[in-house]
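Colleague: just to be clear, the model below is a prediction. Sequence and coordinates:
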Amino acid sequence: MAAAAATTNPSSSYSPHTFNKYLTNPHPIHRPFLLKLKHDRNKLQSVRCSQFDPPPSKLSAAVNSDFTDRTSSSSSCSSSIDFLTLCHSLKTTKRKGWVNHGIEGPESIADHMYRMSLMALISGDLPGINRERCIKIAIVHDIAEAIVGDITPSDGVPKAEKSRLEQAALNEMCDVLGGGMRAEEIKELWREYEDNASLEANLVKDFDKVEMILQALEYETEHDRVLDEFFHSTAGKFQTEIGKSWAAEIIARRNSRLAKKLN
C-alpha cells in the first residue's frame, strides 16, 4: 500500500534479517504449501501422472495420444488450482496502511484490486488506451503480495528491494501455475505496471491512487476520522486527465464534508 509514506517508523529500519519473514514465512497457511511445491515438485508430478496406468505397448498411437492429453490436462488443472489456492491470501490479507491507522475491518488486497478493475471497466474508451489491458493490469498489479504481503514505506524497505522481493514472489507464483502463455502474460503485465511503461500502466497507476483516496474518504466518513496522510501522499502525482478529474471529485466531496463538520 504505497501511500503510507507519512507513517514511517524510525525504529523500523530495513535489514535483510528482519525482513526475511516475507520470504521464509509470509503467510503461515501457504508457506508449507510453497515449500512442498519447491522441494517435492518432481514427486508431485510423478503422483499426478501415476493416476493413469501406462498404456500397453500394443495400444494404437491414438490411444497413446489420448493418454498424453489426459495427463497434461490433469497437470494443468492441478497447477491452476494450486495457483488459485495461493491467491486466496489476497482475499484475507488486510491492507497495511489501514491496519496501521487502526481501521476496524479494513479492506483486503483483493478488495483494492477489484475496485481498480471496475475503474478500468467504467472509464470508457480513451485515445490510445487499451481498456481490456488496463483491467488485466489492475487484476495482477499487486498479485505478488499473496506471498510478500503488503509492503509499505513504514516497513523501511528500499523501493528497489521491494521490487526485487515482489519479482521473486511473482516468479514463484508463475512456477506454481506451471509456466506457459498465461504465466508469461502475468509477468509482462506486472512488469509493465512496475516500470510505468505504457499509457495503460500510467492510467492504472492513477487508479491505484484514486482507489486509495476514495477508500480513505469512506473510512473518514464511516469512522469519523481524519486521514490526511493519504491525500497528502498522492497530491500532484496523478499522470492522466481521468486520474486528475476523479481525484478532484473525491477531494471536493471530502472538503465539503469537512466544511460541514466545522459548521
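Modeller: Thanks, I have the structure now. Note that the structure is a prediction, hence the values are computed from the model and not measured. Numbers count the residues shown, from 1 in each chain.
Colleague: which stretches in the stretch 151-263 of the chain count as helices?
Modeller: Taking DSSP state H, counting those that start in this stretch as the criterion, the stretch 151-263 of the chain contains helices spanning 159-177, 181-194, 199-223, 228-234, 241-262.
Colleague: can you pull the contacts of D125?
Modeller: Taking C-beta atoms under 8 Å, 6 or more residues apart in numbering, we find D125 in contact with R131. (Glycine included, C-beta is placed from N, CA and C.)
Colleague: show me the contacts for the closest residue in space to T92 that isn't next to it in sequence.
Modeller: Distances taken as C-beta to C-beta, 6 or more residues apart in numbering place S108 nearest to T92, at 6.2 Å, with adjacent residues excluded. Going by C-beta under 8 Å, 6+ apart, S108 touches L90, K91, T92, T93, K94, R95.
Colleague: one step back: so for L118, which of the helices of the stretch 151-263 of the chain sits nearest?
Modeller: helix 199-223 (9.1 Å; C-beta to C-beta).
Colleague: what's the angle between that closest one and helix 181-194?
Modeller: Angle of helix 199-223 versus helix 181-194, following axes from the mean of the first three to the mean of the last three C-alpha atoms, to 10 degrees, is 70 degrees.
Colleague: look up phi and psi at the residue nearest the centre of the chain.
Modeller: Nearest to the mean C-alpha position of the chain, counting by C-alpha atoms, centre = their mean, stands D142 at 1.9 Å. Dihedral pair for D142: phi -110, psi 20, per degrees, to the nearest 10.
Colleague: returning to that earlier point: and the helices of the stretch 151-263 of the chain, which is most packed in?
Modeller: Each of those was scored by mean neighbour count; the highest is helix 199-223, a mean of 21, by mean count of other C-beta atoms under 10 Å.
Colleague: against which helices or strands is that one packed?
Modeller: helix 96-100, helix 109-122, helix 131-140, helix 181-194, helix 228-234, helix 241-262 (3 or more C-beta pairs under 8 Å, 6 or more residues apart in numbering; DSSP states H and E).
Colleague: what's the longest one packed up against?
Modeller: Applying 3+ C-beta pairs under 8 Å, 6+ apart, we find helix 241-262 packed against helix 199-223, helix 228-234.
Colleague: what about G124, neighbour count?
Modeller: For G124, the neighbour count with other C-beta atoms under 10 Å is 8.
Colleague: please apply the same query to S117.
Modeller: Neighbour count of S117, defined by other C-beta under 10 Å: 20.
Colleague: over to N263?
Modeller: 4.
Colleague: how far away is it from L165?
Modeller: 48 Å (C-beta to C-beta, to the nearest Å).
Colleague: please apply the same query to P153.
Modeller: Using C-beta to C-beta, P153 is found at 14 Å from L165.
Colleague: for C77, same thing?
Modeller: Taking C-beta to C-beta, one finds C77 at 30 Å from L165.
Colleague: what does Y219 give?
Modeller: Distance of Y219 to L165, given as C-beta to C-beta: 28 Å.
Colleague: do the same with I137
Modeller: As judged by C-beta to C-beta, I137 and L165 stand 20 Å apart.
Colleague: and for E192?
Modeller: Here the distance between E192 and L165 works out to 19 Å (C-beta to C-beta).
Colleague: G180 too?
Modeller: For G180, the distance to L165 equals 24 Å [C-beta to C-beta].
Colleague: what of D155?
Modeller: Taking C-beta to C-beta, one finds D155 at 11 Å from L165.
Colleague: quick revisit: could the helices and strands packed on helix 241-262 go into TSV alongside distance to V148 and mean pLDDT?
Modeller: Shown next, in TSV, are the helices and strands packed on helix 241-262 (distance: least, C-beta to C-beta, whole Å; pLDDT from 0 to 100):
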stretch	distance to V148	mean pLDDT
helix 199-223	17	98
helix 228-234	21	96
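Colleague: same list, the helices and strands packed on helix 199-223, but as CSV with distance to V204 please.
Modeller: Formatted as CSV, those follow (distance: least, C-beta to C-beta, whole Å):
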stretch, distance to V204
helix 96-100, 19
helix 109-122, 7
helix 131-140, 5
helix 181-194, 6
helix 228-234, 14
helix 241-262, 10
